[in-house]
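Visitor: Output the structure for:
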Amino acid sequence: MKAKLATLFILSFFVASILNAQNCIDCHKKVTPKIVQDWQNSKHSQNDVDCSTCHGDEHTTMTDFAKAELPTYETCGDCHETQVKQFLDGKHSKGWGTLMAMPTIHMQPSPLVDGEKGCGSCHKIGVKSKEELARLKSEGSMFGHASCDACHTRHTFSVKEAKQPQACKTCHMGFDHPQWEMYSSSKHGVRNELKQLGVLSEDTPAPTCQTCHMQNGNHNVRTAWGFLAVKLPLPKDKQWAADQVTILQALGVLDPQGKPTKLLDVVKAADIARLTQDEWQKERDKMVKTCQNCHSKNFAEGELKKGDEMIKAADHLMAEAIRTVAGLYKDKVIPKPKAYPYDYPLLLTFHDAPTSIEQKLFVMFLEHRMRTFQGTFHASPDYALWYGWSEMQRDLTEIKELAHWMRKDYKSKM
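Guide: Modelled structure (predicted):
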């Protein structure tokens, strides 16, 4: 008797679930038909993952839509525990915290950040603290807190879509990290495009972003050099080590004496740099192993070494430019902004830097230095040379010339 009752309970629950799902479908086919179409095309619909699984069952009428729950990565974790754990251990989950750590982010228009029409649109993939989430919701923010749907577009949440390089394009393009442009113009990207167009056969080896940065579907997404291409321990080459110290000082991570500042903890939390040799080597070994699917080991190691050498060369130009501007502070040619902790330019102020020479320095760092080494690693000749290295050379020339005339003008007023 108990077995029959249990079976009836399960059947009644299943029938009720089907009816509830059908009610959602019938209504939303009129209100948001394309959302329904997306869900019907998804694996969710084929596996009885209906609307209430992610949105709860409190919203039942046209007027109580506020009762519908909006998913977070934790919602996805109920079924996709492994992927969510990998995501939380990786760099993408730190995106929001990294954005909030920028010194002048509060100076940006709200629609660009909290409104997710600029920086916030990509950095929303990062996990928000409970306090941050509460603040956003108290200000009326309802959407953009799920993270997973940044790559698996709702409501299909397609794995196939997220495996395509185009899935990365929205965020990984443009000013400071044009990975899409670099990849799509590289031989890797060209072969993949020809494969997608059917010019090359389906079994043609054609690496995508995910091939190199999400090996075996791992959602960790990390690289050896990290986003800023700085690492500890410092290089054995004395000149390169000195240049990297200068860059770290301009990032506020080291003080003028070369000692760590509180900002180092932010860098650690944001996972944007490798802080031990073992961390760096682990990611480098992983990349070499991936490259070996198509190339010999010595070729792969040699190509990656070229990227290292370009970081070294770019750092030398960058450090000279930073020291030039720091010298203007030291000699009182330009005033050090009150918010800056030391007599050093602070690169993280970006376009909010107070003078044109400091803004030129920020562009040299965030746009042109990035393109120099990222273009090399992504096998994109034009980005490595003309959009990267060549621009850095011109930046340095302009910064030195500006500094010369600023000093001359300063002396004339004494």
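Visitor: Look up how far residue 175 lies from residue 337.
Guide: According to CB to CB, to the nearest Å, residue 337 and residue 175 sit 23 Å apart. Glycine gets a C-beta too; all of them are placed from N, C-alpha and C.
Visitor: More neighbours: which of these two?
Guide: Relative neighbour count places residue 337 above the other of residue 337 and residue 175, with 15 against 11, counting by other CB atoms under 10 Å.
Visitor: Poorly predicted segments of the chain, please.
Guide: Across the chain, residues meeting the criterion (pLDDT under 70) sit at 1-21.
Visitor: In terms of residue numbering, what are the domains of it?
Guide: 28-150, 168-221, 225-412 (automatic domain parsing).
Visitor: which one's the longest helix in this structure?
Guide: For the chain, the helix reaching the highest residue count under DSSP state H is reported as helix 297-330.
Visitor: For that one, buried residues please.
Guide: For helix 297-330, burial by neighbour count (16 or more other CB atoms under 10 Å) applies to 300, 304, 307-308, 310-319, 321-326, 328-329.
Visitor: Over to stretch 165-182?
Guide: Neighbour counts over stretch 165-182 (16+ other CB under 10 Å) mark 165, 167-168, 171-173, 176-182 as buried.
Visitor: circling back: just put the domains of the chain in CSV and tack on distance to residue 159.
Guide: As requested, those are arranged in CSV below (distance: least, CB to CB, whole Å):
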stretch, distance to residue 159
domain 28-150, 8
domain 168-221, 8
domain 225-412, 20
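Visitor: so which of those domains gets nearest residue 157?
Guide: With CB to CB as the measure, domain 28-150 is the member of these nearest residue 157 (5.8 Å).
Visitor: So the closest residue to residue 356 other than its chain neighbours versus residue 388, what's the distance?
Guide: Excluding its sequence neighbours, the residue lying closest to residue 356 (CB to CB, 6 or more residues apart in numbering) is residue 402, at 7.3 Å. Residue 402 sits 21 Å away from residue 388 when distances are taken as CB to CB.
Visitor: do the same with residue 317
Guide: When residue 317 is compared with residue 388 (using CB to CB), they lie 11 Å apart.
Visitor: Kindly report the same for residue 277.
Guide: Applying CB to CB, one obtains 26 Å for the distance of residue 277 from residue 388.
Visitor: Looking at the two, which has the bigger crowd around it?
Guide: Each of residue 277 and residue 388 had its neighbours counted (other CB under 10 Å), and the higher figure belongs to residue 388 (26 against 11).
Visitor: What residues does that one make contact with?
Guide: Taking CB atoms under 8 Å, 6 or more residues apart in numbering as the criterion, residue 388 is in contact with 314, 368-375.
Visitor: Same question for residue 270.
Guide: Under the contact definition (CB under 8 Å, 6+ apart), the residues listed for residue 270 are 94, 97-98, 101.
Visitor: Likewise for residue 232?
Guide: Contacts here follow CB under 8 Å, 6+ apart; on that basis residue 232 touches 273-276.
Visitor: Including secondary structure, distance to residue 243 and neighbour count, could those residues go into TSV?
Guide: Conversion of the contacts of residue 232 to TSV gives the following (DSSP: H, G, I helix; E, B strand; the rest coil; distance: CB to CB, whole Å; neighbours: other CB atoms under 10 Å):
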residue	secondary structure	distance to residue 243	neighbour count
273	coil	15	21
274	strand	17	22
275	coil	18	16
276	coil	20	11
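Visitor: With respect to residue 398, which of those is nearest?
Guide: After measuring the contacts of residue 232 against residue 398 - CB to CB - the closest member comes out as residue 273, at 28.1 Å.
Visitor: So what does residue 230 have for phi and psi?
Guide: When quoted as degrees, to the nearest 10, the phi and psi of residue 230 stand at phi -130, psi 150.
Visitor: Isn't it up against residue 273?
Guide: Yes. Contact status for residue 230 versus residue 273: in contact at 5.2 Å, counting by CB atoms under 8 Å.
Visitor: sorry, back to before: how about residues contacting the next helix or strand after the longest helix of the chain?
Guide: Heading C-terminal from helix 297-330, the first helix or strand you meet, by DSSP states H and E, is helix 356-363. Applying CB under 8 Å, 6+ apart, the external contacts of helix 356-363 come out as 321-322, 325, 328, 334, 345, 347, 349-351, 353, 395, 398-399, 402-403, 406.
Visitor: And for stretch 191-206?
Guide: By CB under 8 Å, 6+ apart, the surrounding residues in contact with stretch 191-206 are 164-165, 184, 188, 207-208, 293-294.
Visitor: Same check on stretch 102-117?
Guide: The set of residues that contact stretch 102-117 without belonging to it, under CB under 8 Å, 6+ apart, is 99, 118-120, 124, 136, 139, 141, 144, 339, 346, 348-350, 352.
Visitor: Please point out which parts of that stretch sit buried.
Guide: Within stretch 102-117, the residues scored as buried using 16+ other CB under 10 Å are 102-103, 105, 108, 113-114, 116.
Visitor: Columns distance to residue 62 on top of these, output as a markdown table?
Guide: Listed next are the buried residues of stretch 102-117 as a markdown table, based on distance: CB to CB, whole Å:
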| residue | distance to residue 62 |
| --- | --- |
| 102 | 42 |
| 103 | 46 |
| 105 | 38 |
| 108 | 37 |
| 113 | 33 |
| 114 | 28 |
| 116 | 27 |
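Visitor: Now go through those and say which are in helices.
Guide: For the buried residues of stretch 102-117, not one is inside helices, with DSSP H as the criterion.
Visitor: Just give me the closest of these to residue 45.
Guide: For residue 45, the closest of these turns out to be residue 116, at 27.6 Å, with distances computed as CB to CB.
Visitor: nearest spatial neighbour of residue 366, skipping sequence neighbours?
Guide: By the measure of CB to CB, 6+ apart, the closest residue to residue 366 outside its immediate chain neighbours is residue 176, 4.6 Å from it.
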